[in-house]
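Chemist: please find the sequence and the predicted model below.
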Amino acid sequence: MMGNKYGTHRVLEPAGVLPQPAWKVNNDMETLYDNEILVDVSMLNIDAASFTQIKDEVGSDEKKIAEKILSIVNERGKMHNPVTGSGGMLIGKVEKIGPALKDHVHVKEGDKIATLVSLSLTPLKIEKIKKVHVDTDQVEVEAKAVIFESGVYAKLPEDMDERLALAVLDVAGAPAQTARLVDPGDTVVIIGASGKSGTLCSYVAKKYAGPTGRVIAVVHSKERAKHLEELGIDDIVEVDATDAVEMERVISELTDGEMAEVTINVVNIPNTEMSSILATCDYGTVYFFSMATSFTKAALGAEGVGKDVNMIIGNGYMTGHAEIALETVRESKKLREVFESLYVN
């Protein structure tokens, strides 16, 4: 029994769409199609924008967060936040590989893997939520999930704690894309720099901008961004990312009006589009990795202020992005220590 390689055979409503934009998918784990992989799930990493929204809605109580996650999955057959539209990713053990895929995949049954596609398209059935880690967006579960033939995943590295690998792989696309965008000598602004993706992007931006470049880390709280100092980031400034005029003033002051060649937005709250655009010089690049971004606001907002910038949607996938992200953490003892202190210890 073969399913569609993109998973449309699991879509329940509306008919005719792909699993990600679908409202509901079939999360029956008893029937596995010949070109699917069944995963015994141990941990979910909820997308930062989604987890923040859930906490804003129900508070920081673990039980209430767990109830909300269960209600979403039970209603939709996947962890697809109806407010933010985002999901996250998971780690688990390969339980069964459909016969049509067995000779065509780089994993075997029993391997521990992390999915590199969003939970917003992944059929998921949760039996039990064992623990919600409120500070890291990670959720320990007893659950099953299905990976489609077109799905992307990576074997968990043996030289890292699972929680460290999960934190890094959750945002693997961001540092990989940053390496593509930043050139030697660039001034780079990272908005939301103190989080997972922000920390990785700040480190990579500093590496590729080189000694003649400059990285400006914009954070909500300097108190929670001390680890960026350890990584040698040039400037760490505390600015409300929703205040576009203040953002422009601060970045202009720091750069003598030159602004940034590259601005990377990795915040987990809405209404930060114009701050990113106004922080950037004409003909510069804005990379929106944040799932809280409204691309309508970004496009019409840039037009409204007469700003000629290149705006890139934060595609979480890039060829080789998982290995790039893992190698980035391996190459820097300080960066690895930072991630271990934040997401493991």
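Modeler: Structure's in. What do you need?
Chemist: can you list the buried residues in the helix or strand harbouring Arg249?
Modeler: For Arg249, the host element (DSSP states H and E) is helix 244-255. Across helix 244-255, burial judged by 16 or more other CB atoms under 10 Å covers Ala244, Met247, Glu248, Val250, Ile251, Leu254, Thr255. Using the backbone N, CA and C atoms, a C-beta is placed for each residue, glycine as well.
Chemist: check stretch 234-242 too.
Modeler: Asp234, Asp235, Ile236, Val237, Val239, Ala241.
Chemist: show me the shaky parts of the protein.
Modeler: In the prediction, the chain carries no residues with pLDDT under 70.
Chemist: need the three-state assignment for Glu258.
Modeler: coil (DSSP: H, G, I helix; E, B strand; the rest coil).
Chemist: count the neighbours of it for me.
Modeler: Applying other CB atoms under 10 Å, we find 13 residues neighbouring Glu258.
Chemist: quick one, what contacts it?
Modeler: Glu258 makes contacts with Thr187, Cys281, as judged by CB atoms under 8 Å, 6 or more residues apart in numbering.
Chemist: state the distance from it to Asp186.
Modeler: Applying CB to CB, to the nearest Å, the value for Glu258 to Asp186 is 11 Å.
Chemist: quickly find the element holding Ser71.
Modeler: Ser71 belongs to helix 62-76, assigned by DSSP H and E.
Chemist: cool, and Ile54?
Modeler: Going by DSSP H and E, Ile54 is part of helix 48-58.
Chemist: that helix packs against which elements?
Modeler: Using 3 or more CB pairs under 8 Å, 6 or more residues apart in numbering; DSSP states H and E, the elements in contact with helix 48-58 are helix 62-76.
Chemist: and the helix it packs on, how far out from the chain middle?
Modeler: Put simply, helix 62-76 sits 20 Å off its chain's centre (CA atoms, centre = their mean, to the nearest Å).
Chemist: now do stretch 168-177
Modeler: 7 Å.
Chemist: need the contact partners of it.
Modeler: 45, 88-89, 114, 116, 154, 160, 196-197, 200-201, 203-204, 264, 266, 287, 289, 312, 314-318, 320-322, 324-326, 328-329, 339.
Chemist: before we move on, what about stretch 338-345?
Modeler: Stretch 338-345 is touched from outside by 136, 138, 161, 163-164, 166-168, 196, 199, 227, 230-231, 329, with contacts defined as CB under 8 Å, 6+ apart.
Chemist: one more pass at 6 Å, please.
Modeler: Under the contact criterion CB atoms under 6 Å, 6 or more residues apart in numbering, stretch 338-345 has outside partners Thr136, Asp161, Arg163, Leu164, Ala167, His227.
Chemist: ditto for stretch 82-98
Modeler: Stretch 82-98 is contacted by residues 32, 34-47, 49-50, 53, 79-80, 107, 109, 111-112, 114-115, 118-120, 145, 166, 170, 291 when judged by CB under 6 Å, 6+ apart.
Chemist: out of those residues, which are inside strands?
Modeler: Those of the contacts of stretch 82-98 mapping onto strands are 37-46, 112, 114-115, 145, per DSSP state E.
Chemist: hmm, which of those are the buried ones?
Modeler: 37-46, 112, 114-115, 145.
Chemist: could you find the closest non-adjacent residue to Gly131?
Modeler: Actually, residue 131 is Lys. It isn't Gly. Nearest residue to Lys131, sequence neighbours excluded (CB to CB, 6 or more residues apart in numbering): Glu140, at 4.1 Å.
Chemist: the host helix or strand of the one you found: which residues count as buried?
Modeler: Per DSSP H and E, Glu140 falls inside strand 138-147. By neighbour count with 16+ other CB under 10 Å, strand 138-147 contains the buried residues Gln138, Val139, Glu140, Val141, Ala143, Lys144, Ala145, Val146, Ile147.
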